[in-house]
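J.: using only what follows, build the 3D model:
(one chain, ligands or ions: 3)
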Amino acid sequence: MTDETSHRPATPILDRVHLPSDLKDLTDRELRQLADELRAETVSAVSVTGGHLGAGLGVVELTVALHAVFDAPRDKIIWDVGHQCYPHKILTGRRDRIRTLRMEGGLSGFTKRSESAYDPFGAGHSSTSISAALGFAMARELGGDPGDAVAVIGDGAMSAGMAFEALNNAGDLGKRLFVVLNDNEMSIAPPTGALSRYLTRLYAEGPFQDLKAVAKGAVGFLPPSLQEGARRAKEMLKGMTVGGTLFEELGFSYIGPVDGHDLDQLLPLLRTVKARATGPVLLHVVTRKGKGYGPAERAADKGHATAKFDVHTGAQAKAKSNAPSYTSVFARALVDQASRDARIVAVTAAMPDGTGLNLFAERFPRRCFDVGIAEQHAVTFSAGLAAGGMKPFCALYSTFLQRGYDQVVHDVAIQRLPVRFAIDRAGLVGADGATHAGAYDIAFLANLPGMVVMAAADEAELVHMVATAAAHDEGPIAFRYPRGEGTGVEMPERGEVLEIGKGRVVAEGKRVAILSFGTRLAEVMRAREALLARGITPTVVDARFAKPLDRNLILRLARTHEALITIEEGAVGGFGSLVAQLLSDEGVFDGGLRFRQMVLPDTFIDHASPEAMYRCARMSAPDIEAKVLDVLGVALAKRA
Ligand SMILES: Cc1ncc(C[n+]2csc(CCOP(=O)(O)OP(=O)(O)O)c2C)c(N)n1
Ligand SMILES: CC(=O)[C@@H](O)[C@H](O)COP(=O)(O)O
Ligand SMILES: [Mg+2]
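T.: Ligands and ions are numbered 1, 2, ... in the order given. All right, here's what the predicted structure looks like:
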C-alpha cells in the first residue's frame with residue numbers, strides 16, 4: 001500500500017501558494033496549472049489517510065476560482081457538508097497537515113471554525129450552507145463582519161427542505177449573496193427526486209443558459225467570453241416552454257449551467273458577478289464527482305469515500321474482519337422479514353448503501369424509498385405509510401435522525417404510529433468525528449411516551465430486534481446499532497420476537513451488577529474477566545430495552561446487590577437516567593444502594609478511531625473495571 005512519501009506529485013505552482021492571497025499573483029494560465037497540481041496533491045493525501053475523495057476532486061477548479069476571485073477569509077466561503085473541502089484546506093494554510101486528515105489530533109474531514117479562519121462555518125451535515133451564508137450576509141448589512149458570503153452546495157444537498165427554506169428567505173431579503181450550486185448529478189448514490197430531474201433538464205439542451213438575463217436582453221451582464229453562449233441560449237429559449245427557473249422565481253439571478261471544470265468560464269464569470277451583483281445570485285456549475293482520477297470516476301460512488309489506496313491502481317486497503325457489519329446484518333434480517341410480510345417497506349434518506357437498504361431495494365424495489373437528503377420528510381413519510389397500513393422501517397443514521405426530531409414527536413409518537421426506526425451509526429463513529437457521533441438518540445427517544453427503545457448488544461441481538469420491530473404494531477419502536485463489524489457471535493437462523501421490556505442476565509454474580517445497554521457489553525465482559533482475577537464477580541445484564549425498562553429485573557438486582565452500574569453508548573439523559581429515575585421513584589436509594597452511570601461525557605469528542613474515542617470517553621474495559629472498584633470502595637491497585 002502507498003507509503004507517506006511515495007507518489008508525492010511535483011507541484012511547482014502549488015508550492016508557491018501558502019494562503020489564498022498568493023493566488024492573486026498567478027496568471028490565469030498558472031491557475032489552470034495550479035488546479036492540476038491541487039488535484040494530484042488531493043489524491044496523494046487521501047491515498048494515505050482515506051476519506052472523502054470524489055467530491056473534492058469535483059470542485060478543484062471551483063476551489064481555485066473562488067479563492068482567486070474572492071478574498072477569504074474576509075469573504076466567507078461556506079462548503080455545504082464540508083466533505084469536498086480538502087482542496088480548500090490545501091490552499092488555506094493547511095497543506096502541511098493534509099496527510100493527517102481525520103486522524104486523531106489531525107485535521108478534521110470537514111470544515112471547522114476552530115481549525116482555521118478560512119472555515120467560517122463548520123459542517124458535516126448537509127444543506128446548512130445557504131442559511132449560514134445568508135446569516136453572514138445579513139450580519140454584514142447590519143454592521144457586522146464585512147465581506148461577501150458564498151455558499152457552495154451540491155445537487156444532493158440542495159434537495160433538502162432546509163436549503164429551500166434558506167432560498168425562500170434569501171430571495172425575500174434580496175441582499176447580495178452568492179450560492180454556487182455544484183451539480184454533479186450525484187449524491188452518495190445517484191440522486192433521486194424531481195429536483196434532480198429538473199436540474200438535469202436545465203442543462204440537457206445546451207452547455208450554457210442564462211434564462212433571465214437572456215430573456216431580458218441583459219446579455220451584457222456577462223463577460224464577453226460568455227456572451228456568445230448566452231446569445232445561443234436566447235435562440236434556444238424561444239423553443240422552451242419554461243419562462244424562467246425555479247431559482248429566479250425565488251428571487252435569485254440564475255446564471256448557468258457553466259462547466260465547473262473550465263477555469264476560462266469560471267474565472268470571468270465569478271469576476272463579473274463579484275463586481276456587479278447587488279442581490280442574491282445562484283451560479284449553477286456542472287462538474288463530475290471524482291474528476292481527474294480514473295478509479296474514482298469509474299467507481300459507482302465516484303470515490304465518495306475511500307479507505308487508504310494505492311494511487312496507481314486505486315486498490316483500497318481492506319479491513320480485516322471475520323464478522324459481518326451491523327449494517328449488513330440489519331439489511332439481511334429486514335429482507336428476511338419482508339420476504340414473509342408484504343406490508344414491510346423501507347425508507348432511506350439518501351443513504352441506501354450506508355444503511356444497507358440497497359440490498360432491500362434489489363429484492364423489493366417497489367417497497368423501498370430513497371427520499372433524498374430529507375430526514376424530516378423521511379420520518380413523516382414513514383408515519384404516513386404506517387397510518388396507511390404499511391410497516392415502515394425508517395433507516396437513518398443516529399446523527400441524521402436529529403434532523404427529524406419534531407417529526408418523531410409530532411407525527412409519530414403523539415399519534416402512536418408504528419414506525420420502526422432502524423438507527424445505524426449509534427455511538428461514536430470514528431473519523432467523521434463529533435458531527436456524526438450518534439450520541440443523543442437514546443435520550444431524545446426514550447423520553448417520548450409510548451416509544452420502545454432497544455439497543456443491540458451484538459449482531460445476533462440485532463436480528464432479534466428486527467424481528468421484534470416487525471412484529472410490534474402497537475406504536476413506534478426504535479433499535480440502535482453501531483458502525484462497523486459485529487462481534488463474530490453465532491448467528492440465529494431467524495430472528496426471535498423479544499418480549500418488550502425484558503432484559504437478559506448474561507452472567508450471574510454478586511455485590512455489583514452492571515447493566516449494559518448496547519454494544520459496550522463486550523467491554524463489560526472484558527472488565528468482568530479482569531475483576532474475576534481480583535476476586536470480584538459482577539452480575540452482567542444486557543438490558544436490551546431502555547424503554548420500557550425491565551423494572552422487575554432492575555429492582556431485583558438492586559435488592560440483591562450492593563451497587564448497580566449502567567453503561568450505554570450515549571449521552572446523559574438516556575438509559576442510565578431512566579434507571580436512576582426508577583430507583584429513586586421506588587425509594588431504592590433510601591436503602592443505601594450505590595449507583596453509577598457510565599455515559600458519554602458532556603463534550604464533543606474529536607475524530608479518532610472509535611476505540612480511541614471510547615478511551616477518551618472513559619468507557620473501555622479498564623474504565624469499567626475502575627468504576628466497579630470505585631463503587632465497591634476497593635482501591636485500584638496496579639495490576640502486575
Ligand atoms: C443531513 C445529512 N444527511 C445525510 C448526509 C450524508 N451525506 C453526506 S454527503 C451526501 C451527498 C451529498 O451530495 P451533494 O450535495 O450532491 O454533494 P456531492 O457529494 O455530490 O459533491 C450525503 C447524503 C449528511 N451529511 N447530512
Ligand atoms: C459526509 C457524510 O456525511 C457521509 O459521507 C458520511 O461520512 C458517511 O459515513 P459512513 O462512512 O459511516 O457511511
Ligand atoms: Mg452532488
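J.: tell me which parts of the protein are close to ligand 2?
T.: Counting by Cβ under 6 Å from any ligand atom, the residues of the chain lying close to ligand 2 are 52, 81, 83, 188, 305, 354, 425, 429, 432, 483. Every C-beta, even on glycine, is put in place using the N, C-alpha and C of the backbone.
J.: tell me the most packed of these, by neighbour count.
T.: residue 425 (28 neighbours; other Cβ atoms under 10 Å).
J.: quick one: neighbours of the residue lying closest to that residue once chain neighbours are set aside, just the number.
T.: Excluding the flanking residues, the one nearest residue 425 by Cβ to Cβ, 6 or more residues apart in numbering is residue 397, at 4.1 Å. Neighbours of residue 397 under the rule other Cβ under 10 Å: 24.
J.: cool, and residue 382?
T.: Here the number of neighbours of residue 382 (other Cβ under 10 Å) works out to 33.
J.: now swap in residue 526 and tell me
T.: Residues contacting residue 526 under the criterion other Cβ under 10 Å number 15.
J.: excluding chain neighbours, what is closest to it?
T.: In space, residue 526 is closest to residue 621, 3.8 Å off (Cβ to Cβ, 6+ apart).
J.: and that neighbour, how far from residue 572?
T.: The gap separating residue 621 from residue 572 is 21 Å, by Cβ to Cβ, to the nearest Å.
J.: quick one, phi/psi of the residue nearest to residue 526?
T.: With angles defined as degrees, to the nearest 10, residue 621 sits at phi -50, psi -50.
J.: please enumerate the helices of the stretch 351-500 of the chain.
T.: Ranges of helices in the stretch 351-500 of the chain, per DSSP state H, counting those that start in this stretch, are 357-363, 375-387, 398-401, 405-407, 441-446, 459-471.
J.: which secondary structure elements does the shortest one sit against?
T.: Spelled out, it's helix 405-407. Here helix 405-407 touches helix 375-387, going by 3 or more Cβ pairs under 8 Å, 6 or more residues apart in numbering; DSSP states H and E.
J.: quick one on the thing from earlier: quickly check the residues of the chain next to ligand 2 for the two that are furthest apart.
T.: 81 and 483 (17.9 Å; Cβ to Cβ).
J.: what about residue 12, neighbour count?
T.: Using other Cβ under 10 Å, residue 12 has 10 neighbouring residues.
J.: show me what contacts it?
T.: For residue 12, the contact set (Cβ atoms under 8 Å, 6 or more residues apart in numbering) comprises residue 37.
J.: helix, strand or coil for it?
T.: At residue 12 the chain is in coil, as set by DSSP: H, G, I helix; E, B strand; the rest coil.
J.: give me the pLDDT value at it.
T.: As predicted, residue 12 sits at a pLDDT of 97.
J.: out of the helices of the stretch 351-500 of the chain, which is closest to residue 258?
T.: It's helix 375-387; of the helices of the stretch 351-500 of the chain, that one is closest to residue 258 (Cβ to Cβ) at 30.1 Å.
J.: which parts of the closest one are buried?
T.: By 16 or more other Cβ atoms under 10 Å, the buried positions in helix 375-387 come out as 375-383, 385-386.
J.: so which of these is the closest to ligand 3?
T.: For these, the minimum distance to ligand 3 (Cβ to the ion) is 17.5 Å, reached by residue 375.
J.: domains of this protein?
T.: As assigned by automatic domain parsing, the chain contains the domains 14-298, 326-480, 504-632.
J.: quick revisit: show me which of residue 621 and residue 572 is the more surrounded one.
T.: residue 621 (19 against 16).
J.: who are the contact partners of that one?
T.: Shown in contact with residue 621 (Cβ under 8 Å, 6+ apart): 523-524, 526-527, 530.
J.: keep only those of those residues that are in strands.
T.: Among these, no member falls in strands (criterion: DSSP state E).
J.: which one of those is nearest ligand 2?
T.: Nearest to ligand 2 among the contacts of residue 621: residue 523, at 21.0 Å, using Cβ to the nearest ligand atom.
J.: excluding chain neighbours, what is closest to the closest one?
T.: residue 621 (4.6 Å).
J.: now that neighbour: how far from ligand 3?
T.: Residue 621 sits 42 Å away from ligand 3, going by Cβ to the ion, to the nearest Å.
J.: in terms of helices and strands, where is residue 329?
T.: Taking DSSP states H and E as the definition, residue 329 sits inside helix 326-340.
J.: typed the wrong thing, it's residue 285
T.: Using DSSP H and E, the element containing residue 285 is strand 280-286.
J.: how about residue 63?
T.: Element membership of residue 63, judged by DSSP H and E, is helix 60-69.
J.: before we move on, what about residue 255?
T.: Using DSSP H and E, residue 255 maps to strand 253-259.
J.: span of stretch 539-546 from start to end?
T.: 18 Å (Cα to Cα, to the nearest Å).
J.: next one: stretch 587-605
T.: OK, stretch 587-605 end separation, Cα to Cα: 35 Å.
J.: coming back round to it: out of the domains of the chain, which gets the lowest mean score?
T.: Among the domains of the chain, domain 14-298 carries the lowest mean pLDDT, at a mean of 89.
J.: and that one with ligand 3, contact?
T.: Yes - with Cβ under 5 Å from the ion as the measure, domain 14-298 is seen reaching ligand 3 through 154-156, 184, 186.
J.: any chance of those in TSV with neighbour count and secondary structure as columns?
T.: Below are the residues of domain 14-298 next to ligand 3 laid out as TSV (neighbours: other Cβ atoms under 10 Å; DSSP: H, G, I helix; E, B strand; the rest coil):
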residue	neighbour count	secondary structure
154	30	strand
155	24	helix
156	30	helix
184	23	coil
186	23	coil
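J.: so which of those residues reach ligand 1?
T.: With Cβ under 6 Å from any ligand atom as the criterion, those include 154-156, 184, 186 near ligand 1.
J.: hey, where'd the helices end up in the stretch 51-200 of the chain?
T.: Using DSSP H, counting those that start in this stretch, helices in the stretch 51-200 of the chain cover 54-58, 60-69, 86-89, 129-141, 155-158, 161-173, 194-204.
J.: and for the stretch 201-350 of the chain?
T.: Using DSSP H, counting those that start in this stretch, helices in the stretch 201-350 of the chain cover 211-215, 224-238, 246-249, 263-276, 294-298, 326-340.
J.: quick check: residue 577 touching residue 597?
T.: Yes - with contact defined as Cβ atoms under 8 Å, residue 577 reaches residue 597; the gap is 7.1 Å.
J.: of those two, who's got more company?
T.: For residue 577 versus residue 597, the count of surrounding residues by other Cβ under 10 Å is larger for residue 577: 21 against 18.
J.: contacting residues for that one?
T.: For residue 577, the contact set (Cβ under 8 Å, 6+ apart) comprises 443, 597.
J.: from ligand 2, how far out is it?
T.: For residue 577, the distance to ligand 2 (Cβ to the nearest ligand atom, to the nearest Å) stands at 27 Å.
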